[in-house]
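Engineer: got a sequence here, can you build the structure:
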Amino acid sequence: MQPTFDALGLSPALLRAVRELGFTTPTPVQAQAIPPALAGKDVLASAQTGTGKTAAFGIPLLERLAPLPRKKTRALILAPTRELAAQIAQHLTELGKGTNLRVAAIYGGVGFGAQIAAFARGTEIIVATPGRLMDLMGQGAARLDDVSLLVLDEADRMLDMGFLPAVKRIVAKVPAKRQTLCFSATIAPDVLKLTRDLLHDPVRVETVPQSNSTTATGITHTAYTVDQGSKTDLLVELLKDNNIFSAIAFTRTKARANRLAMALEKHNVPAERIHGDRSQAQRTRALADFKRGKLRVLVATDVAARGIDIVDLGHVVNYDVPMVPEDYVHRVGRTARAEQTGDAITFVSRDEERLFRDIEKAVGRRIDRSKTPELPEPPPPTAHQHAAAAFPQRFAPSRNQHAFSGPSSFKGGARSHSGGNRRGR
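Structural biologist: Residues are numbered from 1 along each chain as shown. Below is the predicted model:
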């Protein structure tokens, strides 16, 4: 029998917030992680993207902080990207509205003033990216002496993005006597090595098989064989099918994201891009416009593969094959969230076949190839494109350069506009 939130022993304020959000049944990661976290134990949890990890650490965090005095920073949550930090802060604000606990998001791309003020007034919960938090610590504006609960969300991505030295320096400023929770879609060996230094006798929670490349069961995977120069034409052709109402298209580089967004606009497809060279205001506006339906395609680099939470996103397009299988998992994890269904479409050029075979091997299945529709002849490749095709690894950026349904359950995030019971994010 599946447990309910009522059976977890939550306070009336949190139960009321959960009910007001329309959710009654915990997801598997929530059902397994919340009880030990409520008991004050360290937790190391891995679960598929979109299964409610934020609530799995957010609910016990709010519950444990509720009886403590206010006006001191009691909890620190580290996240790898601005989008994920903002999303977590929003979810915790919704959950904790009956607790008087304040939440602030700390990330780069915006002014320091409001963030310095958040620390100065003792905001109880800080959600931060490591880089901006290090900046504030260097200014003497961020004091972590009273932190009793530390959360690392998407720890593997923080390591991929080169944040390990910053994370270690931040943790060194947090009291040794604390509770630590580590949540991620994947737990790689280097993450386990890090957590051995950070966690004390943690409860291990795994709701997926031990694989770094497990995708949600509701995703339909499809691939098209296409020349590099015809990928935009193929995307435009597929968008003529009204079954693809909106999609996130992932590119390998920021320059390719810019070119694709502009090309789609020329084909009268409303599109915008989101990547590390865009200001925080531009990224926030693009994401908001996409969620409101003003854009049909959001073009993104892998900086957006974590932290983007969009209700009922039906399609993810891998315009470029990702360099490693783990990035494929996190890209396609933007769809089929909360036990819904979605489509992952990958464009595979001749020079990307090896990368795509690595993905198939990692996810343990052969991905069907669809028949490519008739497309215009691509323009002749430039000398640079010839070289990139011959040496794809040489021209590809490193992962660090990307820095950037039954009973209802709670997984945080916005609710569907379609009504009825559903699982949240």
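Engineer: any idea how far the closest residue to A261 other than its chain neighbours lies from A263?
Structural biologist: In space, and not counting its chain neighbours, A261 is closest to R273: 4.2 Å by C-beta to C-beta, 6 or more residues apart in numbering. Yep, even glycine has a C-beta here, placed from its N, CA and C like the rest. Separation of R273 from A263 (C-beta to C-beta, to the nearest Å) stands at 11 Å.
Engineer: just to revisit the earlier point, what about the residue nearest to A261, which helix or strand?
Structural biologist: strand 271-274 (DSSP states H and E).
Engineer: may I see the buried residues of that strand?
Structural biologist: 271-274 (16 or more other C-beta atoms under 10 Å).
Engineer: which residues sit against it?
Structural biologist: Under the criterion C-beta atoms under 8 Å, 6 or more residues apart in numbering, residues 257-258, 260-261, 264-265, 282-283, 286-287, 289-290, 295-301, 303-304 lie in contact with strand 271-274.
Engineer: those in strands, which ones?
Structural biologist: 297-300 (DSSP state E).
Engineer: hang on, isn't F356 packed against A223?
Structural biologist: Yes. Under the criterion of C-beta atoms under 8 Å, F356 makes contact with A223 at 6.8 Å.
Engineer: spit out the residues that contact the two alike.
Structural biologist: 346, 348, 367.
Engineer: mind checking the pLDDT average for the helix or strand containing P36?
Structural biologist: P36 is located in helix 28-38, with elements delineated by DSSP H and E. What helix 28-38 shows for mean pLDDT is 93.
Engineer: could you list the low-confidence segments of the stretch 201-350 of the chain?
Structural biologist: 208-218, 304-309, 311-312, 334-341 (pLDDT under 70).
Engineer: that older thread, partner strands of the strand holding R273 and their direction?
Structural biologist: Here strand 271-274 has these sheet partners by DSSP bridges: strand 297-300 (parallel).
Engineer: now do the helices in the stretch 101-250 of the chain.
Structural biologist: According to DSSP state H, counting those that start in this stretch, the stretch 101-250 of the chain carries its helices in the segments 113-120, 130-138, 155-160, 164-172, 189-198, 231-239.
Engineer: and the second one, what does it pack against?
Structural biologist: Of the remaining helices and strands, those touching helix 130-138 by 3 or more C-beta pairs under 8 Å, 6 or more residues apart in numbering; DSSP states H and E are strand 103-106, helix 113-120, helix 164-172.
Engineer: R64 is in contact with L38, isn't it?
Structural biologist: Yes. Under the criterion of C-beta under 8 Å, R64 makes contact with L38 at 7.0 Å.
Engineer: count of neighbours near F183?
Structural biologist: By the criterion of other C-beta atoms under 10 Å, F183 has 24 neighbours.
Engineer: roughly how far apart are the residue nearest to A261 and S230?
Structural biologist: 20 Å.
Engineer: what do you get for F112?
Structural biologist: 46 Å.
Engineer: among those two, which residue is more densely surrounded?
Structural biologist: S230 (19 against 14).
Engineer: alright, I will stop here.
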